[in-house]
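J.: need coordinates for the following:
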Amino acid sequence: MRFEHLEALNQGRATRSAMILATWIESGKTELVCEADAWQQHRLATEFAARFRSGKSGMVAGPNGEDVFLTVQVPEPRLVVVGAVHISQAMAPMARLADFEMIVVDPRTAFATPERFPDVRLLPEWPEDVLPGLDLDPYTGFAALTHDPKIDDWALAHALDRQCFYVGALGSRKTHAGRVERLGAAGQSAEALARIDAPIGADIGAASPAEIAVAILANVISALRQRTDHAATLSSEAAA
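T.: Next up is the predicted model:
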């Protein structure tokens with residue numbers, strides 16, 4: 001491996017940047033591709049897209065039949081939840097089983113307690129005070145669950161601005177219509193607002209907090225593993 005590639009991979013790990021090191025087995029040629037780069041016209045673009053989604057390294061066939069090994073480095077997925085509510089309590093152990101780091105943010109200290117959220121990173125602060133320091137990114141999922149615009153609205157706008165791979169919000173269609181109106185008036189585009197999963201979660205008829213947590217996590221995983229369009233958008237924006 002070339003030293004500059006090793007340096008770039010280490011830097012990418014520190015900054016939560018997704019990268020693929022392609023090594024042509026016969027010739028020994030190497031090429032480093034970042035997900036934020038404009039790689040959509042690359043001869044291995046289809047393989048790159050699939051590997052950025054799966055996060056798995058492996059051997060692929062190059063366009064001329066030469067074996068190419070793709071070493072994939074993607075950040076660990078995170079799930080940031082605003083709202084220390086019953087749904088997030090139920091979701092915490094499920095997220096851990098699915099290999100998501102889960103972070104709970106809620107300024108309401110009566111809800112955001114270690115007793116209710118053992119083994120979870122808990123931030124009993126206003127979202128605007130702590131979310132910028134978390135550096136939300138395209139490998140971060142976000143869910144707003146307080147049902148309180150004073151807490152949720154700013155956080156939702158921030159998650160959209162930071163290109164989180166999933167953005168969801170609790171509430172009925174009527175509640176969400178009001179939310180869309182407020183966020184639109186605050187400057188969010190219709191395209192960005194259309195990314196919000198609301199009413200939140202897969203449509204499985206979930207009723208209890210645990211069932212709603214399952215429905216949310218299902219959509220989070222789906223959004224992470226089926227990121228083709230969003231990844232292409234990021235690459236196009238990077239090239240512009």
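J.: just give me the neighbour total for the nearest residue to Pro132 once chain neighbours are set aside.
T.: Counting by CB to CB, 6 or more residues apart in numbering, His158 is the residue found nearest to Pro132 once chain neighbours are left out, at 7.5 Å. Placement of C-beta: from N, CA and C, glycine included. If you count neighbours by other CB atoms under 10 Å, His158 ends up with 20.
J.: what helix or strand is His158 on?
T.: helix 149-161 (DSSP states H and E).
J.: and the pLDDT at Gln226?
T.: With respect to pLDDT, Gln226 has a value of 85.
J.: roughly how far apart are the closest residue to it other than its chain neighbours and Ala223?
T.: Among residues not flanking Gln226 along the chain, Arg53 sits closest, at 7.0 Å (CB to CB, 6+ apart). Look at Arg53 and Ala223: by CB to CB, to the nearest Å, they are 11 Å apart.
J.: and what of Ala90?
T.: 20 Å.
J.: what segments of the protein are strands?
T.: Under the criterion DSSP state E, the chain contains strands at 19-24, 30-34, 58-61, 67-73, 78-82, 101-105, 121-123, 140-144, 166-169, 196-197.
J.: possible to save those strands as a markdown table with mean pLDDT?
T.: Below are the strands of the chain laid out as a markdown table (pLDDT from 0 to 100):
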| stretch | mean pLDDT |
| --- | --- |
| strand 19-24 | 94 |
| strand 30-34 | 92 |
| strand 58-61 | 93 |
| strand 67-73 | 94 |
| strand 78-82 | 98 |
| strand 101-105 | 97 |
| strand 121-123 | 97 |
| strand 140-144 | 97 |
| strand 166-169 | 98 |
| strand 196-197 | 98 |
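J.: fine by me, thanks again.
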